[in-house]
Structures are given as structure tokens and as C-alpha cells.
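sequence first, then the predicted structure, then my questions.
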Amino acid sequence: KKIRQSQQTYEVEFENGDYEIIWISELTIGEATAYDPGENRYIKETPIDDFRYTIADEQVTIDEYLGSAKEVIIPAVIEGYPVTIIGRSAFFDKNSLINVVIPEGIISIGENAFFSCESLTRVEIPDSVESIGGTTFSYAASLTGFTISENNAYYSCVDGVLFNKDKTKLICCPAGKGGE
């Protein structure tokens with residue numbers, strides 16, 4: 001959560017007290033809230049003003065992403081309430097979106113949530129996700145794979161392809177994935 005600059009490196013202090021030294025080229029300036037291992041850099045949380053959302057039963061639903069950033073970190077908390085749902089069509093047709101970080105605590109990803117996000121390449125699904133709506137990732141032509149922890153009780157992943165936990169039902173084969 002703290003960043004200290006020293007010439008060409010930054011020392012990043014995490015909430016658990018650990019430190020890591022990174023080169024300037026690996027850091028997007030701002031509050032370090034998420035590490036993107038694919039790009040070997042830190043990216044900052046997307047401002048809440050970039051979202052239209054509703055609060056009900058002390059939980060937040062992301063109704064729509066209003067921005068145009070290439071990378072989005074969905075906040076885990078808005079106005080003191082946990083974000084638990086990415087609503088139906090929330091990121092519909094956001095063609096500039098390449099990378100999205102879905103925080104732990106999201107339990108539902110609505111139908112068509114990332115429909116027609118043509119530039120989206122990879123999605124990491126946290127352990128907390130219990131449901132993913134139909135056609136959520138349809139027409140995401142650049143999507144090459146999913147990453148999911150073995151600890152998720154509802155979903156699993158084999159070679160970037162998303163299945164139910166028992167691997168008896170195909171949820172999504174990424175459109176940008178090569179092979180047969």
C-alpha cells in the first residue's frame with residue numbers, strides 16, 4: 001500500500017508488511033492495489049466514478065462501466081459496502097478493455113457482463129464467484145483463457161477453458177484460444 005521511490009526503483013510495502021523492490025518501468029504510478037504478473041507491474045484501482053452502481057441490502061452491484069480504460073480493477077468496496085455482483089451487461093461492448101481484475105468478494109457475474117469486449121484477453125475469476133451468467137463472455141474475440149484457483153467451489157479451468165467444478169459442463173471456451 002505504500003510506495004517509496006529511490007532513483008530507478010520503487011520499494012512497495014504491502015498490508016502484511018512484506019516489501020518488494022521493482023523497477024520504474026514495471027510500475028504504473030499511483031496507489032499500488034493490484035499486481036499484474038503477466039505484465040510484471042502494478043496497476044491502480046479504477047475510480048468509482050467510472051462505474052454506475054446500486055446499493056441494496058448492504059451490497060453493491062456494478063450496473064455499468066462508464067470508462068474507456070484498457071485496464072480495469074473493479075473495486076472490492078464502494079461507499080463502505082462490499083461489491084458482490086457484476087450486473088447484466090455491465091461491460092457490454094467495451095472494446096478498449098484488455099484486462100480486468102475481478103476482486104475477491106464478487107459472488108455473481110451477470111449474463112452478458114463482458115459481451116462483445118473484443119479486446120479482452122484474459123480473465124481471472126476469484127474463489128468467491130458462485131455464478132456466471134450465460135453468454136457472459138460471448139463475442140470476446142481476443143479472449144485466450146481464464147485463470148481460476150483450485151479453491152473455487154463452483155468453477156474450474158483446464159488449459160484456459162472454463163468448466164463447472166466437476167468438469168462435466170463447459171462454461172466457456174475462449175474465442176481467441178487456438179487449437180481444436
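Cool, the structure landed. Residues are numbered from 1 along each chain as shown.

which residue ranges of this protein form helices?
With DSSP state H, there are no helices along the chain.

grab the most central residue of this protein for me.
The residue lying closest to the centre of the chain (C-alpha atoms, centre = their mean) is V101, at 2.0 Å.

where does the nearest residue to that one once chain neighbours are set aside land on pLDDT?
Distances taken as C-beta to C-beta, 6 or more residues apart in numbering put I73 closest to V101, at 4.3 Å, once the chain neighbours are dropped. The C-beta positions use only the backbone N, C-alpha and C, and glycine is treated the same way. For I73, the model assigns a pLDDT of 89.

from what I see, I73 and P47 are in contact.
No - the pair I73 / P47 is not scored as a contact, 10.0 Å apart, by C-beta atoms under 8 Å.

neighbour count: the two, which is higher?
Higher neighbour count among I73 and P47: I73, with 18 against 10, using other C-beta atoms under 10 Å.

returning to that earlier point: any idea how far D57 is from the residue nearest to V101?
Using C-beta to C-beta, to the nearest Å, one obtains 24 Å as the distance from I73 to D57.

low pLDDT regions in this protein?
1-44, 179-180 (pLDDT under 70).

isn't K94 up against S68?
Yes - using C-beta under 8 Å, K94 is in contact with S68, at 7.4 Å.

these two: which has the busier surroundings?
K94 (24 against 11).

distance check, the residue nearest to that one when sequence neighbours are not counted against E58.
Nearest non-adjacent residue to K94, counting by C-beta to C-beta, 6+ apart: C117, 5.3 Å away. Look at C117 and E58: by C-beta to C-beta, they are 29 Å apart.

now stretch 172-180: how far from the chain's centre is it?
Distance of stretch 172-180 from its chain centroid, counting by C-alpha atoms, centre = their mean, to the nearest Å, is 19 Å.
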